[in-house]
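*Asks:* The sequence isn't on hand, but the structure is:
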């Protein structure tokens, strides 16, 4: 027990135990080695970690997955961090000067300011996920907002255009591509099955787990319906009662997004243990329908993305309880109780 505690606790306070790279320690001044194997500014190939928390951060769960799922999932490959970085940061293409070729297409607007910018600041922004202004500094978004937290176009024009490096641009591009692939994949490979299940046809026989769970009382459907109606009413009242700039019909449109995507994304997560988020598509929809309204954009992202993510998390817990033979009603009660406690605790923390 003491060994397990130390293995989980102490690496969190020592960076070298969380993730380290032997090759960059051997060749610290090599641009090639640091680009390919660097943990912060490079692709992070072949890392070494002694932290269990770091491992489950990339796996997404402390539960072990079958080998078949591991092969299909990028996080199951030996070079998991490679695929994680390629998925997050896009493709890194280097020219003869060891600069990213994407600089020509995505960083041109800030090149005229390179003479007045510190070299370290320029390249840290270039590889960063942070948006920045035309001076290479972190973008001060509060300076372009009105007192009611809406965009002031004149202040924005006087301040600076919003700039970003190729890293975040490619990340967003890959996110849009993955969302499109989700719907196409579900329609081609699982469309017939989904239609059968929605029509309540094609029931499968109970397996050994289901037969054992039959001795417990199932959760009545109206429990879920009452919970849905209550939370929908509270959320809609919160959106309408406060100056969120999100109309009631906009909230309904927002809730349609997770309804459309939850089953296709759930199928992919069940097979690969990888969940594709809706944060980018929700931001895009909100920015198109309500431009210059950051509060409305944030609410659309919260309700559109988190409803799907937490819904699948709930389904995963139900599946785990199914295999552990936990009574469904007990699982439902403690899920609701835990949700309320965590929300009130979050609201109470300053």
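*Replies:* That came in fine, so what should we check first? Keep in mind that what you see is a predicted model, and the values were worked out from it rather than measured.

*Asks:* Sketch out the low-pLDDT regions of the protein for me.
*Replies:* Within the chain, the segments meeting pLDDT under 70 span 1-19, 40-41, 52-129, 167, 201-204, 350.

*Asks:* Where does the record place the domain boundaries for it?
*Replies:* 2-89, 209-348 (automatic domain parsing).

*Asks:* how near is residue 144 to residue 135?
*Replies:* For residue 144, the distance to residue 135 (Cβ to Cβ, to the nearest Å) stands at 15 Å. Using the backbone N, CA and C atoms, a C-beta is placed for each residue, glycine as well.

*Asks:* Just want to know which of these two has more residues nearby.
*Replies:* Each of residue 144 and residue 135 has its neighbours counted (other Cβ atoms under 10 Å); residue 144 has more, 19 against 13.

*Asks:* I figured that one hits residue 150, correct?
*Replies:* No. Counting by Cβ atoms under 8 Å, no contact exists between residue 144 and residue 150, whose distance comes to 10.0 Å.

*Asks:* Nearest residue to the middle of this structure?
*Replies:* Taking Cα atoms, centre = their mean, the centroid of the chain lies closest to residue 277, which sits 4.9 Å from it.

*Asks:* Helix, strand, or coil at that residue?
*Replies:* Taking DSSP: H, G, I helix; E, B strand; the rest coil as the rule, one finds residue 277 in the coil state.

*Asks:* For it, give me its contacts.
*Replies:* Residue 277 sits next to 175, 305, 309 when contact means Cβ atoms under 8 Å, 6 or more residues apart in numbering.

*Asks:* surely residue 214 meets residue 206?
*Replies:* Yes. In this structure residue 214 lies within contact range of residue 206 using Cβ under 8 Å: 7.3 Å.

*Asks:* Can you name every helix or strand that the longest helix seen in the chain contacts?
*Replies:* Under DSSP state H, the helix in the chain containing the largest number of residues is helix 166-198. If you count contacts as 3 or more Cβ pairs under 8 Å, 6 or more residues apart in numbering; DSSP states H and E, helix 166-198 packs onto helix 80-89, helix 103-106, helix 248-272, helix 279-289.

*Asks:* roughly how far apart are residue 247 and residue 269?
*Replies:* For residue 247 relative to residue 269 (Cβ to Cβ), the value is 32 Å.

*Asks:* With neighbour numbers in mind, choose between the two.
*Replies:* In this view residue 247 and residue 269 are compared by other Cβ under 10 Å, and residue 269 has more residues nearby, 18 against 14.

*Asks:* How about the contacts made by the more buried one?
*Replies:* Here residue 269 is in contact with 275-276, 312 (Cβ under 8 Å, 6+ apart).

*Asks:* Quick check: it vs residue 207, distance?
*Replies:* Between residue 269 and residue 207 the distance is 21 Å, computed by Cβ to Cβ.

*Asks:* now residue 164
*Replies:* Noted for residue 164: a distance of 49 Å to residue 207, by Cβ to Cβ.

*Asks:* Of these two, which one has the most company?
*Replies:* The residue with more neighbours, out of residue 164 and residue 207, is residue 164; 21 against 9, by other Cβ under 10 Å.

*Asks:* Now do the phi/psi pair for that one.
*Replies:* With angles defined as degrees, to the nearest 10, residue 164 sits at phi -150, psi 160.

*Asks:* Over to residue 163?
*Replies:* Geometry field for residue 163 lists phi and psi as phi -110, psi 150, criterion degrees, to the nearest 10.

*Asks:* For it, list each beta-bridge partner.
*Replies:* Using DSSP bridges, the bridge partners assigned to residue 163 are residue 132.

*Asks:* my read: it touches residue 133, true?
*Replies:* Yes. With contact defined as Cβ under 8 Å, residue 163 and residue 133 form a contacting pair (6.7 Å).

*Asks:* Now the common contact residues for the two.
*Replies:* In contact with both residue 163 and residue 133: residue 139, using Cβ under 8 Å, 6+ apart.
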